[in-house]
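Colleague: Below is the structure, and that's it, no one-letter string:
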């Protein structure tokens with residue numbers, strides 16, 4: 001028997017989002033037609049939000065012009081059918097302010113703000129950085145906590161302080177500290193989004209608003225079903241989907257690197273034209289592709305003729 005929760009979490013950017021890859025032609029340019037094809041695929045497979053220019057979008061090696069082009073292409077293609085959240089993070093606050101203004105001009109629905117990398121600011125500096133961005137924009141902000149890449153976590157105390165700002169409304173959690181997440185969800189109005197596919201079910205069960213996925217490139221409808229199951233209190237069904245997706249999540253998230261594997265599977269599925277990634281990333285080997293194919297097949301997500 002299932003129980004309907006008394007209240008669902010706030011979802012300022014939707015509940016099923018994918019951190020979208022940046023499709024590229026073999027010479028490394030943005031593949032406009034593949035961008036549009038991928039957006040349409042995501043919208044048709046359970047997504048109510050898309051994150052552009054995030055980690056999986058290879059934001060670290062996109063020029064400002066390319067980042068703005070991706071925001072524009074995705075926003076125009078979505079045409080109001082889902083929320084578009086644009087990554088604008090940098091280790092230079094002035095640069096973030098410039099990109100935030102550009103994102104607002106393009107018409108995105110929200111900003112993804114990662115903690116500054118390499119500089120290693122103090123938590124006081126991190127708060128000042130986030131306040132500077134939030135004070136300079138009218139757009140709602142999703143903080144991006146991924147210390148494995150940035151070296152700087154958002155501590156619980158910092159998140160509690162940042163939650164006081166009216167435009168800081170959500171967190172993408174790629175830190176994976178479930179007890180810290182529980183504390184922040186319990187003590188603030190921040191919408192919490194799982195940013196680690198392995199943790200999606202656990203975070204939803206703890207009260208997360210949704211997921212920002214990599215596996216969602218091909219498993220959007222499965223994650224939609226998982227979110228819906230948790231919403232209606234059907235944890236048995238949510239666990240079934242979680243276990244069903246385990247081989248695909250393992251294959252995509254551990255074979256090499258998320259942007260590489262996501263592009264490989266999308267190209268094999270015919271959703272984008274090429275699996276091109278930008279150095280220092282390199283495309284999948286045949287052995288890695290075989291691991292991906294086997295993992296997808298075991299989860300019922302065969303790359304050719306994808307049925308999700």
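Modeller: Cool, the structure landed. Bear in mind that the values here come from a model prediction, so they are computed numbers and not experimental data. Residues are numbered from 1 along each chain as shown.
Colleague: Residue ranges in this structure under the pLDDT threshold?
Modeller: Residue ranges of the chain with pLDDT under 70: 1-6, 303-308.
Colleague: Strands along that one, start to end?
Modeller: Counting by DSSP state E, the chain has these strands, from start to end: 16-19, 49-52, 83-87, 110-114, 141-145, 168-173, 191-194, 210-213.
Colleague: how about those strands, which one is nearest residue 102?
Modeller: strand 83-87 (8.9 Å; C-beta to C-beta). (Each C-beta comes from the backbone N, C-alpha and C, glycine too.)
Colleague: From the chain's centroid, how far away is the closest one?
Modeller: Here the centre of strand 83-87 is set off from its chain's centre by 9 Å, with C-alpha atoms, centre = their mean, to the nearest Å.
Colleague: Each with direction, which strands does it pair with?
Modeller: strand 49-52 (parallel), strand 110-114 (parallel) (DSSP bridges).
Colleague: winner for burial among these?
Modeller: Greatest average neighbour count among the strands paired with strand 83-87 goes to strand 49-52 (a mean of 28), per mean count of other C-beta atoms under 10 Å.
Colleague: before we move on, the earlier item: include distance to residue 253 when you put the strands paired with strand 83-87 into a markdown table, please.
Modeller: Listed next are the strands paired with strand 83-87 as a markdown table, based on distance: least, C-beta to C-beta, whole Å:
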| stretch | distance to residue 253 |
| --- | --- |
| strand 49-52 | 16 |
| strand 110-114 | 19 |
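Colleague: Minimum distance to residue 18: which of those strands has it?
Modeller: Closest to residue 18 of these is strand 49-52 (C-beta to C-beta; 6.3 Å).
Colleague: who touches the closest one?
Modeller: 13-20, 39, 42, 57, 70-71, 74, 78, 82-87, 108, 112, 172, 210, 212 (C-beta atoms under 8 Å, 6 or more residues apart in numbering).
Colleague: What residues sit buried inside the longest helix along the chain?
Modeller: In the chain, taking DSSP state H as the definition, the longest helix is helix 235-254. By neighbour count, with 16 or more other C-beta atoms under 10 Å as the criterion, the buried positions of helix 235-254 are 235, 237-238, 241-242, 244-245, 247-253.
Colleague: cool, stretch 46-64 as well?
Modeller: 46-59, 62.
Colleague: Tell me which stretches of this structure form helices.
Modeller: Taking DSSP H as the criterion, the chain carries its helices at 32-44, 64-78, 93-106, 123-136, 147-150, 156-162, 178-187, 200-205, 216-231, 235-254, 258-268, 286-298.
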